[in-house]
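Engineer: build me a structure from this.
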Amino acid sequence: MSDARTPAQIEADIVRRREQLAVTLDEIGIRLHPKTIVGDAKAKVAAQVDHTAGRAFVAVNRVVSDVKARFTDADGAPRLERVVPVALVAVAVIGLIAASARKGKR
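Structural biologist: The predicted structure is shown next:
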């Protein structure tokens, strides 16, 4: 088996390697272009914001579910022994705020 190549084969290899190098250099140029770098940075920030917002949504959803579980029974009916005291406190707080606002206007 001979490893001897013809001049035409050598020239074809050179042409092929030049084309490969040209493609590689184009890719490097695109990756290092300022617009590409800025676009990549924006995409990373957007992904991080999405991730953070997703985690916040899950946390809020968990809190809402916990509160709902405290004020409803397994069937979803309100637990009056817990709802009524909270409602009374809320009405009292609103009444105090309204009274305070009226005194402030006099």
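Engineer: how near is the residue nearest the centre of the chain to Arg16?
Structural biologist: What sits nearest the mean C-alpha location of the chain, by Cα atoms, centre = their mean, is Asp50, with 1.1 Å. Distance, Asp50 to Arg16, by Cβ to Cβ, to the nearest Å: 43 Å. In this view, the C-beta of every residue, glycine as well, is placed from N, C-alpha and C.
Engineer: picking up where we left off before, please identify the helix or strand for the residue nearest to the centre of the chain.
Structural biologist: In the assignment (DSSP states H and E), Asp50 maps to helix 34-71.
Engineer: next secondary structure element downstream of that helix?
Structural biologist: helix 80-105.
Engineer: any idea of the mean pLDDT in that following helix?
Structural biologist: Mean pLDDT, computed over helix 80-105, is 91.
Engineer: next, the angle from it to helix 34-71.
Structural biologist: 110 degrees (axes from the mean of the first three to the mean of the last three Cα atoms, to 10 degrees).
Engineer: so what does helix 80-105 touch, helix or strand wise?
Structural biologist: When contacts are defined as 3 or more Cβ pairs under 8 Å, 6 or more residues apart in numbering; DSSP states H and E, helix 80-105 packs onto helix 34-71.
Engineer: counting by contacts, list what the helix it packs on packs against.
Structural biologist: Using 3+ Cβ pairs under 8 Å, 6+ apart, helix 34-71 is in contact with helix 80-105.
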